[in-house]
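1. Need coordinates for the below:
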Amino acid sequence: MKNIIRILIKIAERIYARIDPEKYIRHIGVNCRGKVSIYGNPYGHFGTEPWIITIGDNVHITKEVEFITHDGGTLIFRSQYPRLEITKPIHVGDNVYIGVRSIILPGVTIGSNVIIGAGSVVTKDIPDNSVAAGVPARVIKCSEEYLNKIKRESLEIGDFSGKEKDKALRKIYGHKKG
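-> Here you go, the predicted model:
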């Protein structure tokens, strides 16, 4: 009976995470300091110690981003050193975008006004006003350089509704519906 209850709880948590991702991460203990937008189902992506993760305001976390708060490699040495444990908090500042399938490792602080490129593995602190990408992630430019680039390349439809944006993109790229 206990196993059935555990399974039902896990199913309910997965559904909750899918229905309201932002409330779900607060429910599991992530310290959110403001508006956090989650794209995709966050179930299981905030490590085993979500309460040591702090996320600022206006943070966008895309799908399949992993927050890892401990070093599991310690397990192979536990027979020799039973008390061995590496668990560290993760801090994310304000105005941050974390790209698809990025991994944030224990002890990392991501500053404010930061963009983390898709697929990055963040192994060390990323300073404010930076764009970082790669494996391991490294700063590739400042956020002002990034802003200037995207302003030059902008399609100027960012404030359109979903349907309006689709229509505009089809026109821009010459794609006929059908």
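
2. Which parts of this protein are strands?
-> For the chain, applying DSSP state E gives strands covering 31-32, 36-38, 53-55, 59-61, 66-67, 90-92, 96-98, 103-104, 109-110, 114-116, 121-122, 130-133, 138-142.

3. Present the ones you listed as a markdown table; the columns should include distance to residue 73.
-> Every residue, glycine included, has its C-beta placed from N, CA and C. Supplementary listing: those in a markdown table, determined by distance: least, Cβ to Cβ, whole Å:
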| stretch | distance to residue 73 |
| --- | --- |
| strand 31-32 | 26 |
| strand 36-38 | 28 |
| strand 53-55 | 20 |
| strand 59-61 | 25 |
| strand 66-67 | 16 |
| strand 90-92 | 17 |
| strand 96-98 | 24 |
| strand 103-104 | 15 |
| strand 109-110 | 21 |
| strand 114-116 | 23 |
| strand 121-122 | 15 |
| strand 130-133 | 24 |
| strand 138-142 | 23 |
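
4. Tabulate the ones you listed in a markdown table, adding columns for mean pLDDT.
-> Converted to a markdown table, these look like this (pLDDT from 0 to 100):
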| stretch | mean pLDDT |
| --- | --- |
| strand 31-32 | 97 |
| strand 36-38 | 96 |
| strand 53-55 | 98 |
| strand 59-61 | 98 |
| strand 66-67 | 97 |
| strand 90-92 | 98 |
| strand 96-98 | 98 |
| strand 103-104 | 98 |
| strand 109-110 | 98 |
| strand 114-116 | 98 |
| strand 121-122 | 98 |
| strand 130-133 | 98 |
| strand 138-142 | 96 |
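
5. Format those strands as a markdown table; extra columns: mean neighbour count.
-> Below are the strands of the chain laid out as a markdown table (neighbours: other Cβ atoms under 10 Å):
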| stretch | mean neighbour count |
| --- | --- |
| strand 31-32 | 16 |
| strand 36-38 | 18 |
| strand 53-55 | 21 |
| strand 59-61 | 22 |
| strand 66-67 | 20 |
| strand 90-92 | 23 |
| strand 96-98 | 22 |
| strand 103-104 | 25 |
| strand 109-110 | 20 |
| strand 114-116 | 25 |
| strand 121-122 | 22 |
| strand 130-133 | 22 |
| strand 138-142 | 14 |
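
6. Quick one: closest of those strands to residue 44.
-> strand 66-67 (8.7 Å; Cβ to Cβ).

7. Contacts for that closest one next, please.
-> Contact partners of strand 66-67, identified using Cβ atoms under 8 Å, 6 or more residues apart in numbering, comprise 45, 46, 47, 50, 53, 90, 102, 103, 104.

8. next one: stretch 138-145
-> In contact with stretch 138-145 (Cβ under 8 Å, 6+ apart) are residues 113, 114, 115, 117, 126, 127, 129, 130, 131, 132, 133, 134.

9. Can you tell me which of those is closest to residue 14?
-> For these, the nearest to residue 14 is residue 117 (28.1 Å; Cβ to Cβ).
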